[in-house]
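> A predicted structure for the sequence below; I have some questions about it.
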Amino acid sequence: MLGNKYSLEELMNQIIGVLPKIGPSLGVFFLTLWIASFVAKIIRSPMERRDVDPELILLLQIITKWVIRVLGMVIAVEILAAGTLTSLIAGFGIAGFTIGFALQDVAKNFGESAIEFSAYCWVDTKEIGLNEATDAGIKEIKDAFAQQDIKIPFPTRTVLSTTI
C-alpha cells in the first residue's frame, strides 16, 4: 500500500492513463510558445512604421508573449488533467489579488523618494538591447552625479504630537 490511499496497481493505472495525453499537451504548449514569438515579431513592424515609442513596443511584445504563453499553459494543463484547472485559476486569482494589494503601498510611495526626469538618446537596439542601454544610461547619470558630488537626500518626515 502506498500511503493507505492507493495501491501500486491503481497508481500505475493512473500513470498509464495520463501517458497518451502528455504528447498532445506538450505539443500544444510548444506550439503556443512559437505562436507567441511569431505574433510578437509581427507586432513590431507596423508600430515602428508609425513611430511608436520603442519602450511601448517592447512592453506590448512582452505582454502579448505572456498572454499567449499563459493561454498555452492553460490549454496544456486542461488536456493533461481535465477538470483540475478551475482550482488552479482560482489560486492564481487569489495570489494576484494578494500581491497587488501588498505592492499598492510600494507603488504609491515610490514617487516620494525619487527624482523623475526624461533623457532621450538614440540607441541601436540591434547591437545592444533596450534594457542594457537603459541600465547603461542610468549608470552614466549616477556616475556624473557622483563626480560632481551631487547627493540626493531621502525625504524626511517629522511627526509632531501634542497632548490635549
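Alright, I've got the coordinates.
> now tell me which helix or strand of this structure has the poorest mean pLDDT.
Ranked by mean pLDDT, DSSP states H and E, the weakest helix or strand in the chain is helix 85-110, scoring a mean of 70.
> which residues sit against the helix or strand just after that one?
Counting by DSSP states H and E, the element after helix 85-110 in chain order, helix or strand, is helix 130-147. For helix 130-147, contacts defined as CB atoms under 8 Å, 6 or more residues apart in numbering pick out 54-55, 58, 119, 121, 123, 125, 128, 151-152. In short, each C-beta sits where N, CA and C put it, glycine included.
> cool, stretch 50-63 as well?
40, 43-44, 47-48, 125, 130.
> so which of those residues are in helices?
Counted as lying in helices by DSSP state H, out of the contacts of stretch 50-63, are 40, 43-44, 47-48, 130.
> if we only consider the residues you listed, which is nearest to A82?
A40 (29.7 Å; CB to CB).
> what about the nearest residue to that closest one once chain neighbours are set aside, how many neighbours?
Distance criterion CB to CB, 6 or more residues apart in numbering; nearest residue to A40, sequence neighbours excluded, is Q61 at 4.2 Å. Applying other CB atoms under 10 Å, we find 19 other residues in the vicinity of Q61.
> check what pLDDT the spatially most central residue of the chain gets.
The residue lying closest to the centre of the chain (CA atoms, centre = their mean) is W66, at 7.3 Å. Note on W66: pLDDT of 90.
> what helix or strand does it sit in?
Assessed by DSSP H and E, W66 sits inside helix 54-80.
> give the buried residues for that helix.
Neighbour-count burial for helix 54-80 flags 57-58, 61, 64-65, 68-69, 72-77, 79-80 (criterion: 16 or more other CB atoms under 10 Å).
> picking up where we left off before, of the contacts of helix 130-147, buried ones?
With neighbours counted by 16+ other CB under 10 Å, those contain buried members at L58.
> low-confidence stretches in the protein?
Applying pLDDT under 70 to the chain picks out residues 1-6, 102-116, 154-157, 164.
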